[in-house]
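Colleague: Build me a model from this:
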Amino acid sequence: MEERKKQKKGKKRPSGISVPKGLPQAKRFKLILDDLEIFRNAHGGVIPSGLRNTWLHFHATCLTHIPGIRDIEGEVKKMAARATPGLKPGEVNAIAKQAEKKARLTRTASVWGDGRYHYKGATIADGLGITPEMARRLGLQQVIPALERRRRKAEVERQRRSENGAVSQEEYLAKNNASREKPWEKFGIGRTKFYELKRAGMLPVLEAV
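Modeller: Below is the predicted model of the structure:
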């Protein structure tokens, strides 16, 4: 994969690598592993041809971040037999042995000194052809395109603002226009009564003059 070639150069920061924010790496890659399994199950348990090497590499990468897995090489090979049939033994062995080697590296607080692969969820989504619609439909948490991640962040921010009493620009303009025009005077009622009737859908229809 091109992504793996970039990491080997080590001269500049690869675009597909992210500095971890919030979640510990073990937790983040456990969630990524869950998303990869959801993706596999969505395809009937077998990864489509053309994505198998990529998917297995991402799966193996997740295992290198999760403590307590004793035989990563064996686990990768078992998953390959189920999820990526048709891959050449040489491909499977290369991925499995590399994962075993990475898993033995000393864990550090810095991803740059860790030696393991640290992929962004968006990079994984791009590698597997996962669209924003697919990410929503499957309920993926980490393996989501950058566009979908921005949409979710914006939605969370809108919800936060709403809970804090903020209103949208459209609501603000509508309310201020109403204050200037004083539509309640056309009905011969006060401002409070006007909004009570409006919320209840009980405003009378004004006859055209």
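Colleague: Tell me which stretches of the protein form helices.
Modeller: For the chain, the helices defined by DSSP state H occupy 2-9, 25-42, 52-65, 72-83, 89-103, 111-114, 121-128, 132-138, 146-163, 169-181, 184-187, 191-200.
Colleague: Packing partners of the last one?
Modeller: Right, helix 191-200. helix 184-187 (3 or more Cβ pairs under 8 Å, 6 or more residues apart in numbering; DSSP states H and E). C-beta: built from backbone N, CA, C; applies to glycine.
Colleague: could you give me the average pLDDT of the helix it packs on?
Modeller: Mean pLDDT, computed over helix 184-187, is 80.
Colleague: On the pLDDT front, check Ser179 for me.
Modeller: Reported pLDDT for Ser179: 65.
Colleague: wait, Lys6
Modeller: Lys6 is given a pLDDT of 44.
Colleague: looking at the helices of the chain, which one has the lowest mean pLDDT?
Modeller: Among the helices of the chain, helix 2-9 carries the lowest mean pLDDT (a mean of 46).
Colleague: And the pLDDT at Leu23?
Modeller: 84.
Colleague: before we move on, back to that, quick one: closest of the helices of the chain to Leu206.
Modeller: helix 184-187 (6.1 Å; Cβ to Cβ).
Colleague: Pop the domain breakdown of the protein in here.
Modeller: Partitioning the chain according to automatic domain parsing yields domains covering residues 2-148, 162-200.
Colleague: export the helices of the chain to JSON lines and tack on distance to Leu206 and mean neighbour count?
Modeller: Formatted as JSON lines, these follow (distance: least, Cβ to Cβ, whole Å; neighbours: other Cβ atoms under 10 Å):
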{"stretch": "helix 2-9", "distance to Leu206": "65", "mean neighbour count": "12"}
{"stretch": "helix 25-42", "distance to Leu206": "55", "mean neighbour count": "18"}
{"stretch": "helix 52-65", "distance to Leu206": "63", "mean neighbour count": "23"}
{"stretch": "helix 72-83", "distance to Leu206": "67", "mean neighbour count": "18"}
{"stretch": "helix 89-103", "distance to Leu206": "73", "mean neighbour count": "17"}
{"stretch": "helix 111-114", "distance to Leu206": "66", "mean neighbour count": "13"}
{"stretch": "helix 121-128", "distance to Leu206": "53", "mean neighbour count": "21"}
{"stretch": "helix 132-138", "distance to Leu206": "44", "mean neighbour count": "15"}
{"stretch": "helix 146-163", "distance to Leu206": "32", "mean neighbour count": "12"}
{"stretch": "helix 169-181", "distance to Leu206": "13", "mean neighbour count": "10"}
{"stretch": "helix 184-187", "distance to Leu206": "6", "mean neighbour count": "13"}
{"stretch": "helix 191-200", "distance to Leu206": "12", "mean neighbour count": "13"}
